[in-house]
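Asker: Predicted model follows, preceded by the sequence.
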Number of protein chains: 2
Amino acid sequence: MSRIYVVGIGPGSFDHMTGEAVKALQDSDVIIGYTVYVDLVKEHFADKEFLTTPMTKEVDRCKLAFEQAQAGKTVSMICSGDAGVYGMAGLMYEIGIEYPDTELVIVAGVTAATGGAAVLGAPLIHDFCLISLSDLLTPWEKIEKRLLMASDADFVIVLYNPSSHKRADYLQKACDLMLRYKSPETVCGIVSQIAREGESYQVMTLQELRDTRVDMFTTVFIGNSQTKEINGKMVTPRGYRGV
Amino acid sequence: MSRIYVVGIGPGSFDHMTGEAVKALQDSDVIIGYTVYVDLVKEHFADKEFLTTPMTKEVDRCKLAFEQAQAGKTVSMICSGDAGVYGMAGLMYEIGIEYPDTELVIVAGVTAATGGAAVLGAPLIHDFCLISLSDLLTPWEKIEKRLLMASDADFVIVLYNPSSHKRADYLQKACDLMLRYKSPETVCGIVSQIAREGESYQVMTLQELRDTRVDMFTTVFIGNSQTKEINGKMVTPRGYRGV
């Protein structure tokens, strides 16, 4: 039986990979991924064969991985962050139905929510949810309902894919929805280029976030009613009953 | 200025630590944590000084860390999973107000949600939320509202602290709430002892989960309306518009 590792390489730097992820890549003959992610790991695994496909070609990338495995190679399919959080692990299982002789091994990694949280301080200490603002495969009505209900239930909210060229005003739309239930003074934070060159972060109110432009390399955090700013960091207490 | 690393060591095995976490522990004079977590890393950092405090003594543990740092030592405070997800990072910032000369560096790790997801397959490919069923510091009404709204909004839901001796029926109560909006056939999964000896998982329906007893070392996953079982694994598609 051939084997494909589906590996989360963490938010960016080699140091953010787990030991298990490093071992999976070392154990592989071929490493496959979106061009940008392959460039992040290439220098550390110079003796491997690398194959890339562009963004939006995810189905092709999966099939390529299974074909390489069927040719007798051990394959790693890499994703930034965690392979199981808006990553390739799901599609690999779906397409894998056609390749029953190949075993999938999912290797967890640090996703942008937890990697970004470490930069901002401690925003995710209490119940939180992840919502992607990309409506490419999800109807906007569904995203809207999630933003409203998560705000009403006082979750900390992390937004993935907060913006793109086509969706320049989506973060503002999302903030307007969240403002129906969350105070404009709610403590929020944004982190760009997590664990990569040019990493930066900013703590602000929800009202200020509404008027902030972010790019697609930014992860956005909206606090719950208890979240506070401590020495410039974003910190959510572990409950509602004091320290 | 003295430094304390607040380090997520991942779900269990040494291999699940990131390179950054290993370096932080290597750079430390003292490693502090709850006894069980210290035992997980001890053999790999044999030359370090180890200090432990029991469960529920989190405030004492934080103060101990700051006192050690003030005595001139470099300190690592370790947590299982990610230090920023129901972990010690928040309390360290809160107590750190009294120790302005000590810098905190948060080191992200693989939390039970993503570590457990890798064992189950790919349950977290789409929007999800984490909810702790512990009502020690959070009113049950708040937890109940989150369970209902997250279900109504069709989030994948991950339950932390699903059970304890005092809260033996909490998972059943939570399932009854989720069943108001989610189908009894919703694909669910449980993972025990993630990345530790005796790791096991099971995929089942929400109706079956309702009648399953779990312990405090179990993480529980409830799918969204699209989640399916593929070859015994729990897989959530990346959207609502087909592959």
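Answerer: Right, received. Where do you want to start?
Asker: Any stretches of chain A with poor pLDDT?
Answerer: Along chain A, the model assigns pLDDT under 70 to residues A:242-243.
Asker: what do you get if the cut-off is 80, keeping everything else the same?
Answerer: Scanning chain A for pLDDT under 80 picks out A:54-56, A:241-243.
Asker: can you map out the helices along it?
Answerer: Here chain A has its helices, by DSSP state H, at A:19-26, A:35-41, A:58-70, A:89-96, A:112-120, A:140-152, A:170-178, A:206-210.
Asker: Out of these, which one sits most buried?
Answerer: Of all those, helix A:112-120 carries the top mean neighbour count, a mean of 29, counting by mean count of other Cβ atoms under 10 Å in any protein chain shown. C-beta coordinates here come from the backbone N, C-alpha and C atoms, glycine included.
Asker: so what secondary structure elements neighbour that helix?
Answerer: strand A:156-160, strand A:187-192, strand A:200-205, strand A:218-222, strand B:102-107 (3 or more Cβ pairs under 8 Å, 6 or more residues apart in numbering or on different chains; DSSP states H and E).
Asker: at 7 Å what do you get?
Answerer: Helices and strands touching helix A:112-120, by 3 or more Cβ pairs under 7 Å, 6 or more residues apart in numbering or on different chains; DSSP states H and E, are strand A:187-192, strand A:200-205, strand A:218-222.
Asker: Could you export these to TSV, including columns for mean neighbour count and distance to B:Leu120?
Answerer: Below are the helices and strands packed on helix A:112-120 laid out as TSV (neighbours: other Cβ atoms under 10 Å in any protein chain shown; distance: least, Cβ to Cβ, whole Å):
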stretch	mean neighbour count	distance to B:Leu120
strand A:187-192	25	28
strand A:200-205	17	32
strand A:218-222	26	24
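Asker: So which of the ones you listed is nearest B:Leu177?
Answerer: B:Leu177 lies closest to strand A:218-222 among the helices and strands packed on helix A:112-120, at 24.2 Å (Cβ to Cβ).
Asker: how far off strand A:187-192 does that closest one point, in degrees?
Answerer: Counting by axes from the mean of the first three to the mean of the last three Cα atoms, to 10 degrees, strand A:218-222 lies at 170 degrees to strand A:187-192.
Asker: Which residues outside strand A:218-222 are in contact with it?
Answerer: Applying Cβ atoms under 7 Å, 6 or more residues apart in numbering or on different chains, the contact partners of strand A:218-222 are A:112-113, A:116, A:120, A:123, A:156-160, A:162, A:171, A:178, A:182, A:186, A:188-192, A:194, A:206, A:214, A:234.
Asker: how is chain A carved up into domains?
Answerer: As given by automatic domain parsing, the domain ranges for chain A are A:2-110, A:113-235.
Asker: sorry, back to before: let's have the helices and strands packed on helix A:112-120 in CSV, adding distance to A:Ser28.
Answerer: As requested, the helices and strands packed on helix A:112-120 are exported to CSV (distance: least, Cβ to Cβ, whole Å):
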stretch, distance to A:Ser28
strand A:187-192, 30
strand A:200-205, 33
strand A:218-222, 28
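Asker: Please identify which of the ones you listed is closest to A:Lys145.
Answerer: Short answer: strand A:218-222, nearest of those by Cβ to Cβ, at 16.3 Å.
Asker: partners of that closest one in the sheet?
Answerer: strand A:156-160 (antiparallel), strand A:187-192 (antiparallel) (DSSP bridges).
Asker: Could you provide the helices of chain A in JSON lines, with additional columns for distance to B:Gln68?
Answerer: Converted to JSON lines, these look like this (distance: least, Cβ to Cβ, whole Å):
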{"stretch": "helix A:19-26", "distance to B:Gln68": "27"}
{"stretch": "helix A:35-41", "distance to B:Gln68": "36"}
{"stretch": "helix A:58-70", "distance to B:Gln68": "48"}
{"stretch": "helix A:89-96", "distance to B:Gln68": "40"}
{"stretch": "helix A:112-120", "distance to B:Gln68": "21"}
{"stretch": "helix A:140-152", "distance to B:Gln68": "39"}
{"stretch": "helix A:170-178", "distance to B:Gln68": "40"}
{"stretch": "helix A:206-210", "distance to B:Gln68": "37"}
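Asker: For B:Tyr93, find the nearest of these.
Answerer: helix A:112-120 (10.6 Å).
Asker: Can I get the closest one as PDB, trimmed to CA atoms?
Answerer: These are the backbone C-alpha positions of helix A:112-120, laid out as PDB (Å, rounded to 0.1, in the frame of the first residue of the first chain):
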ATOM      1  CA  ALA A 112      -3.100  30.900  11.400                       C
ATOM      2  CA  ALA A 113      -5.600  31.200  14.300                       C
ATOM      3  CA  THR A 114      -3.300  29.800  16.900                       C
ATOM      4  CA  GLY A 115      -0.100  31.100  15.300                       C
ATOM      5  CA  GLY A 116      -1.600  34.600  15.000                       C
ATOM      6  CA  ALA A 117      -3.000  34.400  18.500                       C
ATOM      7  CA  ALA A 118       0.600  33.900  19.900                       C
ATOM      8  CA  VAL A 119       1.600  37.100  18.200                       C
ATOM      9  CA  LEU A 120      -1.300  39.100  19.500                       C
END
